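A.B. asks: Here is a sequence together with a model predicted from it:
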Amino acid sequence: MNTVQSANAYTRENVQNAAVQYEQYGVTSMIALGLNRDLVYQLRDEQKKGTFPGATIFTAGRGIGVPGAAPPVPAAPDQVYRPTTVEEARAEVREMASHHVDIIKIWVDDVFGRFSKMQPEVYAAVIDEAH
């Protein structure tokens, strides 16, 4: 069985259960701030057609993190972008835009000094391309 913290827990069933539970508690909308598999785009599109239940999903898609650093959580490679160059950062923002993300999420911090921070030229490229 998958635990909620497992990278393998990002399934249609788990997302649907969460969205329905949020709605039952009176939460009408939720925003997923990264670490989402591309499945989230399909589910969001199904919601727009009225065929996927629960709280309305808004998403940052995968989000953009730092290689070997933030976010330091169990995540599969298809759950977070980790650009090492300005060119990779720009390309990943363009890919996110092709999915019509609702927000761009970046992890810049060093997690209380435990990891390397995102390089300023990389996050500047993310911000510039997002605009």
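C.D. replies: All right, it came through fine.
A.B. asks: Check the gap between residue 81 and residue 97 for me.
C.D. replies: Counting by Cβ to Cβ, to the nearest Å, the gap from residue 81 to residue 97 is 13 Å. Glycine gets a C-beta too; all of them are placed from N, C-alpha and C.
A.B. asks: What sits closest to the most centrally placed residue in the chain if chain neighbours are left out?
C.D. replies: In the chain, the centroid-proximal residue (Cα atoms, centre = their mean) is residue 34; its distance is 1.9 Å. Spatial nearest neighbour of residue 34, chain neighbours left out: residue 63 (2.4 Å); criterion: Cβ to Cβ, 6 or more residues apart in numbering.
A.B. asks: number of nearby residues for the one you found?
C.D. replies: Using other Cβ atoms under 10 Å, residue 63 has 26 neighbouring residues.
A.B. asks: cool, the one 10 residues further on as well?
C.D. replies: By the measure other Cβ under 10 Å, the count of residues near residue 73 is 12.
A.B. asks: That one contacts residue 35, doesn't it?
C.D. replies: Yes: Residue 73 lies in contact with residue 35 (Cβ atoms under 8 Å); the separation is 7.0 Å.
A.B. asks: residue contacts, residue 30?
C.D. replies: Listed by Cβ atoms under 8 Å, 6 or more residues apart in numbering, the contact partners of residue 30 are 18, 19, 22, 55, 56, 57, 58.
A.B. asks: do you know how far residue 86 is from residue 123?
C.D. replies: For residue 86, the distance to residue 123 - Cβ to Cβ - is 10 Å.
A.B. asks: hmm, I was thinking of residue 16
C.D. replies: From residue 16 to residue 123 the distance is 33 Å (Cβ to Cβ).
A.B. asks: do the same with residue 14
C.D. replies: In this view, residue 14 and residue 123 are 31 Å apart by Cβ to Cβ.
A.B. asks: got it, and residue 103?
C.D. replies: Distance of residue 103 to residue 123, given as Cβ to Cβ: 15 Å.
A.B. asks: Which one of the two is surrounded by more residues?
C.D. replies: It is residue 123, of residue 103 and residue 123, that has more neighbours when counted by other Cβ under 10 Å, with 19 against 15.
A.B. asks: so who does the more buried one touch?
C.D. replies: Contact criterion Cβ under 8 Å, 6+ apart gives 89, 106, 108 as the residues in contact with residue 123.
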